[in-house]
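Chemist: give me coordinates for this.
(one chain, ligands or ions: 2)
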Amino acid sequence: MSDKSLICAIETSCDETAIAFIKDGNTVLSNVVSSQIDTHRAFGGVMPEVASRLHIEQISLVLKESLAKAKVHMDDVDAIAFTQGPGLIGSLHIGVLASKTLAWYFQKPLVPVHHIAGHIYANAFVTKLKFPLLALVVSGGHTELVYMKEDFDFEVLGTTQDDAVGEAYDKVARVMELGYPGGPAIDALAKQGSTQYVLPRIKTEKPLDFSFSGLKSAVLQLILKEQRGQRELNKANLAYAFQEAVLDELLLKLKKALEIVDVRQVVLAGGVSANSRLRERLTSMMENYPDIALSIPPLWCTTDNAAMIGAAGAVAFTKGIRADFSTSASAGLDL
Ligand code: KG4
Ligand code: ZN
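Modeler: Ligands and ions are numbered 1, 2, ... in the order given. This is a model prediction of the structure:
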């Protein structure tokens with residue numbers, strides 16, 4: 001099968017209603033994202049029930065806008081790729097149902113995509129993936145080291161034992177009263193910070209697993225201690241200390257994984273890959289591995305969107321991966 005394709009991609013796993021049209025695997029004709037962040041901000045986090053309702057309201061409008069921007073018609077499409085999971089079940093259902101409806105009406109094949117595969121294939125917009133590769137997946141719901149021998153062959157080498165890294169950013173930002181989502185706020189504040197506070201480094205049983213909940217508790221304890229001592233908290237310095245501790249953990253585990261697997265490329269993936277300090281530290285770390293290429297997704301393709309689902313979907317489509325009308329959304333789908 002040739003790599004020529006026009007994919008309609010639909011992503012609704014969390015709080016973004018997103019539809020993209022992707023040509024030949026890595027040309028973005030349109031990538032419309034309707035974010036619900038302003039609504040959820042009032043609650044300090046994503047409210048699943050509210051998210052589902054907003055997806056229902058938005059999805060037809062997003063499709064209409066995305067079709068108009070791409071200047072294509074559904075008849076031109078080769079396949080409909082959709083996020084099957086993981087994510088919020090009510091949110092996923094809306095995207096799956098919309099995909100099935102379009103597939104039925106326009107008689108198009110359905111291609112199921114794992115949300116994390118989407119994040120990894122976001123790198124296809126800047127590079128050709130070189131296998132075997134190692135992906136460092138850092139998002140609001142996942143923290144994983146994924147080894148890929150070839151396209152769509154995923155082996156999870158390590159995962160988080162508790163919170164995902166983005167979740168830790170969001171929770172720490174909440175106790176620091178920095179608002180939601182916390183990642184960008186901590187990223188920005190840490191730039192003004194320096195070494196003042198000391199946070200513990202993390203220990204995990206399995207060498208390639210991650211853990212962030214201890215760090216989150218340590219931040220809370222530090223805040224309470226400063227309050228008890230009636231000392232003013234230097235938020236920038238705390239953001240700095242937290243971020244350096246998180247990045248130490250991520251990069252340490254990545255280094256350990258590189259001792260175990262032989263790869264041609266390291267790719268960064270997931271919403272936290274927008275983090276400026278992570279990009280900086282990972283780039284300088286990889287200078288010590290001149291034989292391994294590094295790919296960092298473009299900023300526009302770091303947080304949830306449908307273009308990344310289209311990039312992964314195009315490869316899955318070529319490989320003959322298909323869903324049918326009995327396929328349903330799966331909140332805890334394995335990679
Ligand atoms: O991948 P994503 O859009 O959604 C999931 O699949 O979970 O990731 C969202 C997460 C949030 O936790 C958000 O705080 C975090 O990515 N994030 C960041 C930054 N931008 C977004 N974390 C750290 N630094 C950033 N600049
Ligand atoms: Zn995501």
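Chemist: mind listing the strands for the stretch 51-200 of the chain?
Modeler: Using DSSP state E, counting those that start in this stretch, the strands of the stretch 51-200 of the chain run over 79-85, 110-114, 133-138, 143-148, 154-159.
Chemist: okay if I get the ones you listed as a markdown table plus mean neighbour count?
Modeler: Using the backbone N, CA and C atoms, a C-beta is placed for each residue, glycine as well. Shown next, in a markdown table, are those (neighbours: other CB atoms under 10 Å):
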| stretch | mean neighbour count |
| --- | --- |
| strand 79-85 | 27 |
| strand 110-114 | 26 |
| strand 133-138 | 25 |
| strand 143-148 | 24 |
| strand 154-159 | 17 |
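Chemist: residues touching the residue nearest the centre of the chain, list them.
Modeler: By CA atoms, centre = their mean, the chain has its centre lying nearest to residue 270, at 2.6 Å. Contacts for residue 270 (CB atoms under 8 Å, 6 or more residues apart in numbering) come out as 116, 119, 137, 138, 139, 140, 142, 166, 302.
Chemist: closest to ligand 2 out of the residues you listed?
Modeler: Using CB to the ion, residue 139 is the member of those that lies nearest ligand 2, at 4.4 Å.
Chemist: quick one: the spatially closest residue to that closest one that is not a sequence neighbour from residue 209, how far?
Modeler: In this structure, residue 139 finds its nearest non-sequential neighbour in residue 270, 3.2 Å apart by CB to CB, 6 or more residues apart in numbering. Taking CB to CB, to the nearest Å as the measure, residue 270 falls 17 Å from residue 209.
Chemist: residue ranges with poor pLDDT in the stretch 1-150 of the chain?
Modeler: 1-2 (pLDDT under 70).
Chemist: for it, what spans make up the helices?
Modeler: Per DSSP state H, counting those that start in this stretch, the stretch 1-150 of the chain carries helices over the ranges 37-41, 48-70, 89-106, 115-121.
Chemist: surely residue 222 meets residue 238?
Modeler: Yes: the criterion here is CB atoms under 8 Å, and residue 222 meets it with residue 238 at 6.9 Å.
Chemist: residues in contact with the nearest residue to residue 185 once chain neighbours are set aside?
Modeler: Leaving aside its chain neighbours, residue 185 sits nearest to residue 178 (4.1 Å; criterion: CB to CB, 6+ apart). For residue 178, the contact set (CB under 8 Å, 6+ apart) comprises 185, 186, 189, 235, 239.
Chemist: next, count neighbours for the fourth one.
Modeler: Put plainly, it is residue 235. 18 (other CB atoms under 10 Å).
Chemist: pretty sure it contacts residue 176?
Modeler: Yes: assessed by CB under 8 Å, residue 235 is found in contact with residue 176 at 5.8 Å.
Chemist: want to throw the strands of the stretch 51-200 of the chain into TSV with distance to residue 124?
Modeler: As requested, the strands of the stretch 51-200 of the chain are exported to TSV (distance: least, CB to CB, whole Å):
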stretch	distance to residue 124
strand 79-85	13
strand 110-114	13
strand 133-138	12
strand 143-148	13
strand 154-159	15
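Chemist: residues from this structure in reach of ligand 2?
Modeler: For the chain, the residues in contact with ligand 2 (CB under 5 Å from the ion) are 139, 304.
Chemist: any idea which helix is longest in the chain?
Modeler: helix 235-260 (DSSP state H).
Chemist: who are the packing partners of that one?
Modeler: strand 133-138, strand 143-148, strand 154-159, helix 165-175, helix 182-190, helix 213-228, helix 276-286 (3 or more CB pairs under 8 Å, 6 or more residues apart in numbering; DSSP states H and E).
Chemist: next to ligand 1, which bits of this protein? Give me the list.
Modeler: Applying CB under 6 Å from any ligand atom, one finds that the chain approaches ligand 1 through 14, 139-141, 166, 169-170, 181-184, 187, 270-272, 274-275, 303-304.
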